[in-house]
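**Q** Please find the sequence and the predicted model below.
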Amino acid sequence: MSTSIDQLVERIRGHRCYDHPVFDHWTSGNPTAEVVGALFHQIQKFCAVTRPGGRFPEALTSFEFSRESKLLQEIVESEEDHGPELATMAGYILNRAAGRAVFADLDDQQRVEAGLKEFSDKILGSLPGYDPTTGLLVQTRKAMAVFDGRQAVDKESTLRNLGTALALEMISNRQLIPGEKRCLVDSGLYRASLDDPEMHYLLEHWGEIGAEQMHEENAIAAVGSVLNEETEELITEGVDAFLDNLANLWDVLDSALLASGHREAALTG
Ligand SMILES: [Fe+2]
Ligand SMILES: [Fe+2]
């Protein structure tokens, strides 16, 4: 019997990425401004490659999945302009963490992103495999590489991309955005509110009427109608590639920056 969309959704909900504690450790660890900058650099770079559709919508149409292509295209269009808003929020939070205006102009996306990279270089630059040019960890590059598949138009890549899209949207809506809301807003660490204009990125993404809710619904509809005995293996591969690689990224950020692992190791000797 083939996998149902409900079973695929359950597979994602059951993956350790779905409940990863990285944002709760951010809250309890109350990291320094430098660490906040390094975290945002890696997260921002990862998020940036998840937004463009590449050739994925066009490939779906070529296999006569035109309804699915439209659903994916809606997600891609709703992601436009999110890069500048994420940079504004990151700069705002970092300023609050530092207790001074490290970034004077929060609308200067290039300046903010360059500053985040500098913090990343300083804090993470000695880790094995760190790329000084991009400031990316090996794990960040691997998580990003899953989205290279969107440049391919063959059927196998397209089916994998569908699985990846489903996992991405479920994780965004259920783990990443709620996690950011808990550590950036609810924690009170940064005296930030969803009503602050600088936090518009989170307001736009979070909750029942947030962008991610629509994305998740679209992705479930698109994958649900393509899933059958012939497609399930490749779709599941795409789901797992996303979840495994992102979980590895959360692990390294957690252990290298939020020190939960170090602290426990120190306690148990
Ligand atoms: Fe977005
Ligand atoms: Fe999304």
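**A** Perfect, I can see it now. Ligands and ions are numbered 1, 2, ... in the order given.
**Q** Quick check: pLDDT value at the residue of the stretch 101-250 of the chain found nearest ligand 2.
**A** Nearest residue of the stretch 101-250 of the chain to ligand 2: H215, at 3.5 Å (CB to the ion). In this view, the C-beta of every residue, glycine as well, is placed from N, C-alpha and C. Note on H215: pLDDT of 96.
**Q** Kindly report the same for H262.
**A** 41.
**Q** and if you look at V153?
**A** 98.
**Q** What about it? Give its phi and psi, please.
**A** Per-residue torsions, V153: phi -120, psi 10 (degrees, to the nearest 10).
**Q** Looks like it contacts S62 (just checking).
**A** Yes: between V153 and S62 there is a contact under CB atoms under 8 Å: 6.6 Å.
**Q** quick revisit: what residues does the residue of the stretch 101-250 of the chain closest to ligand 2 make contact with?
**A** H215 makes contact with I75, S78, E169, S172, N173 under the criterion CB atoms under 8 Å, 6 or more residues apart in numbering.
**Q** from those, which two are the most distant?
**A** Within those, S78 and N173 form the most distant pair, 12.6 Å apart (CB to CB).
**Q** Just want to know which of these two has more residues nearby.
**A** In this view S78 and N173 are compared by other CB atoms under 10 Å, and N173 has more residues nearby, 22 against 17.
**Q** Close to ligand 2: what parts of the stretch 51-200 of the chain are there?
**A** E169, S172 (CB under 5 Å from the ion).
**Q** Contact residues of the stretch 51-200 of the chain facing ligand 1?
**A** Residues of the stretch 51-200 of the chain lying near ligand 1 (CB under 5 Å from the ion): E79, H82.
**Q** Would you enumerate the residues in contact with the residue in the stretch 1-150 of the chain positioned nearest to ligand 2?
**A** As assessed by CB to the ion, ligand 2 sits closest to I75 within the stretch 1-150 of the chain, at 6.0 Å. Neighbour list for I75: G53, A165, E169, M214, H215, N218, A219 [criterion: CB under 8 Å, 6+ apart].
**Q** Next, the distance between the ends of stretch 45-62.
**A** End-to-end span of stretch 45-62 (CA to CA, to the nearest Å): 30 Å.
**Q** Show residues contacting that stretch.
**A** Contacts of stretch 45-62 (CB under 8 Å, 6+ apart): 66, 68-69, 72-73, 75-76, 79-80, 82-83, 86, 134-136, 140, 143-144, 147, 149-154, 157-158, 161-162, 165, 168, 172, 246, 249.
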